[in-house]
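1. coordinates for the following, if possible.
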Amino acid sequence: SYLRYVLHSGDPEMLYESVHSKIFLLPEDFHLYPAHDYKGHHVTTVAEEKSLNPRLTKTKEEFVQLMKNLGLAYPKNIDEAVPWNMKCGPSQLGQLRMDGGE
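-> Reported below is the predicted structural model:
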């Protein structure tokens, strides 16, 4: 997921700023589809994340401290997934092949 990628860039402050300056500026009823959710939810809204997400409801300082102390392992396949995600947009989807060719 994008958030996991930003976190693994080593800067939880950047993650916090990104969420609060981009995602949280979307309309409150805007649907978000998380790549994964620990409780099995497939859709949420900006309003729900603002009020219910236990990490995102914290201050920036609390969030940064929490994220620095999670001890998460480096995500499997992140080094392959991120380049694909960075270059793949709606106009390029038909051009990319699953075997890595272009």
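
2. tell me where the protein has helices.
-> 2-8, 12-21, 46-52, 60-68, 78-87 (DSSP state H).

3. F63: neighbour count?
-> A count of nearby residues for F63, using other Cβ atoms under 10 Å, gives 19. (Glycine included, C-beta is placed from N, CA and C.)

4. against V43, how distant is it?
-> When distance is defined by Cβ to Cβ, to the nearest Å, F63 is 23 Å away from V43.

5. what does N53 give?
-> Distance from N53 to V43, counting by Cβ to Cβ: 14 Å.

6. could you do V82 as well?
-> Taken as Cβ to Cβ, the span from V82 to V43 is 24 Å.

7. neighbour count for these two, which is higher?
-> When V82 and V43 are compared for neighbours, V82 comes out ahead with 16 against 10, by other Cβ under 10 Å.

8. apart from its neighbours in sequence, what residue is nearest H42?
-> Take H42 and drop its neighbours on the chain: the residue closest to it by Cβ to Cβ, 6 or more residues apart in numbering is Y33, 6.7 Å away.

9. and for that neighbour, the neighbour number?
-> Considering only other Cβ under 10 Å, Y33 is surrounded by 9 other residues.

10. wait, P34 sits on T44?
-> Yes - P34 sits in contact with T44 when judged by Cβ atoms under 8 Å, with a separation of 6.5 Å.
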